[in-house]
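Peer 1: quick one, what's the 3D model for this:
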Amino acid sequence: MHFDVAVAAFVVLPLLLVGVLGWGTAVAWRHSGATRKASMQAAAFAVTAALLWLAVTWAAAKSGIFHNWDRTPPPFALLVLAILLLSAAIAFSPLGRRLAQWIPLWALVAVQAFRLPLELAMHAMYTRGVMPQQMSYSGRNFDIVTGATAIIVSALVWSGRGGRRLVAAWNGLGLLLLINVVIVAILGTPRFRYFGDDALNTWVFDAPFVWLPAVMVLAALAGHLVIFRALGLARLPPSRTVD
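Peer 2: Here you go, the predicted model:
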């Protein structure tokens, strides 16, 4: 069986993000003074909740429910609403506060580098005719800039050559680019058909591509909100190490 790297990215990247969530939760809990056992329990809970979300969205996509646009509201619109609410809930929860307080800024920024391989995989889907052009960097999606610059900005902050103003500017740009691609995606759905019937955005209704909005957009948005929260908190002196 031929292994498709581009398609695999839509499975591997979400699973890696779940792993990062578990790691970040454990580190944040431990640094906040919790015991090792309590830290591991918090991480296990976060990972379990995330995996449950992955399973639910995968099963929903497999059922074909997101292709039903005759309902009002369409099921996919409810998924988008859930993504927005979950992103805010994570960022402004005790988990989000501890991540913002105890995970170094460079690490919070570095996580967003997943958007670089994601955008490369999305472009591959466009070249194969799976995804409409407007969703790629050949069209109206410029989110690859966020992923590429996340590597540079995190390295500058880690080395001490970049500070909070750089992170704030980068985070604001990244959030705007994320909002842009989300709007483009919504306008391309069967309800709006803004880009025409030949450029409908329906590929994310199926597994594994449903994890693009359900997991990766959620992670990107929650990540930006956590960074903004971190910038507003009194933090310990920046550390180059995360244990």
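Peer 1: for Asn201, helix, strand, or coil?
Peer 2: coil (DSSP: H, G, I helix; E, B strand; the rest coil).
Peer 1: my read: it touches Val181, true?
Peer 2: No. Using C-beta atoms under 8 Å as the test, Asn201 is too far from Val181 to be in contact (10.6 Å). (C-beta placed from N, C-alpha, C; glycine too.)
Peer 1: intersection of neighbour lists for these two?
Peer 2: Residues within reach of Asn201 and of Val181 at once, by C-beta atoms under 8 Å, 6 or more residues apart in numbering, are Met135.
Peer 1: more neighbours: which of the two?
Peer 2: Per other C-beta atoms under 10 Å, whichever of Asn201 and Val181 has more neighbours is Val181, with 25 against 22.
Peer 1: output the host helix or strand of that one as PDB, restricted to C-alpha atoms.
Peer 2: Taking DSSP states H and E as the definition, Val181 sits inside helix 164-187. Written as PDB, here are the backbone C-alpha positions of helix 164-187 (Å, rounded to 0.1, in the frame of the first residue of the first chain):
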ATOM      1  CA  ARG A 164       7.600  40.600  24.200                       C
ATOM      2  CA  ARG A 165       6.900  43.200  21.500                       C
ATOM      3  CA  LEU A 166       8.100  40.900  18.800                       C
ATOM      4  CA  VAL A 167       5.900  38.100  20.100                       C
ATOM      5  CA  ALA A 168       2.900  40.400  20.400                       C
ATOM      6  CA  ALA A 169       3.300  41.700  16.800                       C
ATOM      7  CA  TRP A 170       3.900  38.200  15.500                       C
ATOM      8  CA  ASN A 171       0.900  36.800  17.400                       C
ATOM      9  CA  GLY A 172      -1.400  39.500  16.200                       C
ATOM     10  CA  LEU A 173      -0.400  38.800  12.600                       C
ATOM     11  CA  GLY A 174      -0.800  35.100  13.000                       C
ATOM     12  CA  LEU A 175      -4.300  35.500  14.400                       C
ATOM     13  CA  LEU A 176      -5.300  37.800  11.500                       C
ATOM     14  CA  LEU A 177      -4.000  35.300   9.000                       C
ATOM     15  CA  LEU A 178      -5.900  32.500  10.800                       C
ATOM     16  CA  ILE A 179      -9.100  34.500  10.800                       C
ATOM     17  CA  ASN A 180      -8.600  35.200   7.100                       C
ATOM     18  CA  VAL A 181      -8.300  31.500   6.100                       C
ATOM     19  CA  VAL A 182     -11.300  30.600   8.300                       C
ATOM     20  CA  ILE A 183     -13.400  33.200   6.600                       C
ATOM     21  CA  VAL A 184     -12.200  32.000   3.200                       C
ATOM     22  CA  ALA A 185     -13.100  28.400   4.200                       C
ATOM     23  CA  ILE A 186     -16.600  29.400   5.400                       C
ATOM     24  CA  LEU A 187     -17.300  31.400   2.200                       C
END
